[in-house]
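Asks: return a 3D structure for these sequence lines:
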Amino acid sequence: MQIFNKQSYTTAGFFTLGLRLVIGWTYFSAFWRRLILENKLIEEEAGYIGVKFNHFLPNALGIKPLIEYLVTHPEALWWSMVIFTIVEAIVGLFIMLGLFTRLMSVGVFFLAMGILLGSGWIGTTCLDEWQIGVLGVASGFMLFLTGGGYGSLDYYFSKKGKAFTTKKWFSYLGSGELYIKNLKPFVFIGSFAILFLTLYTNQVFHGGVFGTLHNKSVKPKLELADVTWHGDKLEFEVYRVEGADVYGSFLIGVQLETTDGEILYKWDGEALAKMEKDNINNHYVAKVAPGKHSLVIPLGAKAIMTFNPEIAHPGKSVVLRLIDISGLEWTAEVN
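Replies: Next up, the predicted model:
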């Protein structure tokens, strides 16, 4: 039995006006600062949004294969970023205007879900991306339930008697009475499903429900793989999987050692800063590159590195050690 009449929905939609305006601006402002205030869709320039998207990759939940496909296909990535930006602009503007409010609330829901699953693990202090994601998912669900009331174009066109507002589909895509047979179970199940999603992602990304808290944005972490030294060529794969997304890992030392700690050969910060780009085979749009005083490894960057030790292999076990300017070190056995 339907227990809410048209006036109930109009009032509920009116009560969410402040939320609708703020949620709408958070998405529309992404378009505004990305294209109007500054163009962040230029691939060759610093600040390209595709590189930011690449930062999500190491610890994304569920959508990692999609992200990896895009960051390994730059043209597809660029088009995706353009489409994503346009969708954010439309959803944000229409939500603020209250035009096709329920359809746009679905957009809010899925945009927020993408943020949550892709970057919910990023945030150096306040778990920023996770909070934006879960609050966006919950807000999208609530705005779908309420629609737009006073202060929305849906309401304005309905009061003017526009023909399309009398169609049944308008109640699902716009505002007004929501014709769901069993509304209470829908609200309860949807709300507790979002609560479960919130607790689950909080635990997976940050250990925020039980156990030990962790934050993968605090300090850089590198993973080393396929370390080989044959003849005069040393090769290994390096992958930056943790740390602040706005700050690189700055390598100031790469060295070969015996298992007893004897240094066989070393490249210091100055040598790494002069490293030839031909010796860096980047996989993604976030690129490992020589910096002014070190080798810079952005979050999400993966590359095969080639070095040329000017000594022969000693014929015994050798360890590769990478040294960050922060004092962090990573080692791997050389094959």
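
Asks: tell me, what residue is most central in this structure?
Replies: residue 119 (3.2 Å; Cα atoms, centre = their mean).

Asks: correct me, but it touches residue 54?
Replies: No: applying Cβ atoms under 8 Å as the test, residue 119 and residue 54 come out as separate, 11.0 Å apart. For the C-beta atoms, the positions are set from N, CA and C on the backbone; glycine is no exception.

Asks: which residues in the chain form strands?
Replies: 221-230, 233-242, 249-258, 263-268, 280-282, 289-290, 295-297, 302-307, 318-324, 329-334 (DSSP state E).

Asks: pull out the buried residues from stretch 61-80.
Replies: 61, 67, 68, 70, 71, 77, 78, 80 (16 or more other Cβ atoms under 10 Å).

Asks: repeat for stretch 226-233
Replies: So, applying 16+ other Cβ under 10 Å, buried residues of stretch 226-233: 227, 229.

Asks: next: stretch 244-263.
Replies: 244, 245, 248, 249, 250, 251, 252, 253, 254, 255, 256, 257.

Asks: over to stretch 206-225?
Replies: Buried, per 16+ other Cβ under 10 Å, within stretch 206-225: 206, 208, 215, 216, 217, 220, 221, 222, 224.

Asks: ok now it, how far from the chain's centre?
Replies: 16 Å (Cα atoms, centre = their mean, to the nearest Å).

Asks: end-to-end on that stretch?
Replies: Stretch 206-225 stretches 26 Å from its first residue to its last (Cα to Cα, to the nearest Å).

Asks: show residues contacting it.
Replies: The contact list for stretch 206-225 (Cβ atoms under 8 Å, 6 or more residues apart in numbering) reads 59, 121-124, 127, 130, 199, 202-203, 205, 236-245, 248-249, 297, 299, 320, 322, 324, 326, 328, 330-332.

Asks: likewise for stretch 250-269?
Replies: The contact list for stretch 250-269 (Cβ under 8 Å, 6+ apart) reads 229, 234, 272, 275, 291, 293-297, 307, 309-311, 314, 316-326, 334.

Asks: what do you get for stretch 128-138?
Replies: So stretch 128-138 is in contact with 23, 26, 108-109, 111-113, 115-117, 119-123, 194, 197-198, 201-202, 205-206, going by Cβ under 8 Å, 6+ apart.

Asks: among these, which are in helices?
Replies: 23, 26, 108-109, 111-113, 115-117, 119, 194, 197-198, 201-202, 205-206 (DSSP state H).

Asks: list the contacts of residue 186.
Replies: So residue 186 contacts residue 180 (Cβ under 8 Å, 6+ apart).

Asks: state the distance from it to residue 93.
Replies: 28 Å (Cβ to Cβ, to the nearest Å).

Asks: before we move on, the earlier item: which of the buried residues of stretch 244-263 sits closest to residue 99?
Replies: residue 245 (34.0 Å; Cβ to Cβ).

Asks: could you report the pLDDT at the closest one?
Replies: pLDDT, residue 245: 91.

Asks: quick check, it in contact with residue 53.
Replies: No: counting by Cβ under 8 Å, residue 245 does not reach residue 53; the two are 10.6 Å apart.

Asks: do I have it right that residue 321 meets residue 330?
Replies: Yes: Residue 321 lies in contact with residue 330 (Cβ under 8 Å); the separation is 7.4 Å.

Asks: distance check, residue 90 against residue 11.
Replies: 27 Å.

Asks: any idea what residue 254 is bridged to?
Replies: When assigned by DSSP bridges, residue 254 has beta-bridge partners residue 267, residue 322.

Asks: one more: residue 332?
Replies: With DSSP bridges as the rule, residue 332 is bridged to residue 320.

Asks: wait, doesn't it sit right on residue 320?
Replies: Yes: between residue 332 and residue 320 there is a contact at 5.1 Å, judged by Cβ under 8 Å.

Asks: which residues do the two both contact?
Replies: With contacts defined as Cβ under 8 Å, 6+ apart, the residues adjacent to both residue 332 and residue 320 are 224, 227, 236.

Asks: could you find the closest non-adjacent residue to residue 98?
Replies: Of all residues not flanking residue 98 in the chain, residue 152 sits nearest, at 2.3 Å (Cβ to Cβ, 6 or more residues apart in numbering).

Asks: fine, thanks again, bye for now.
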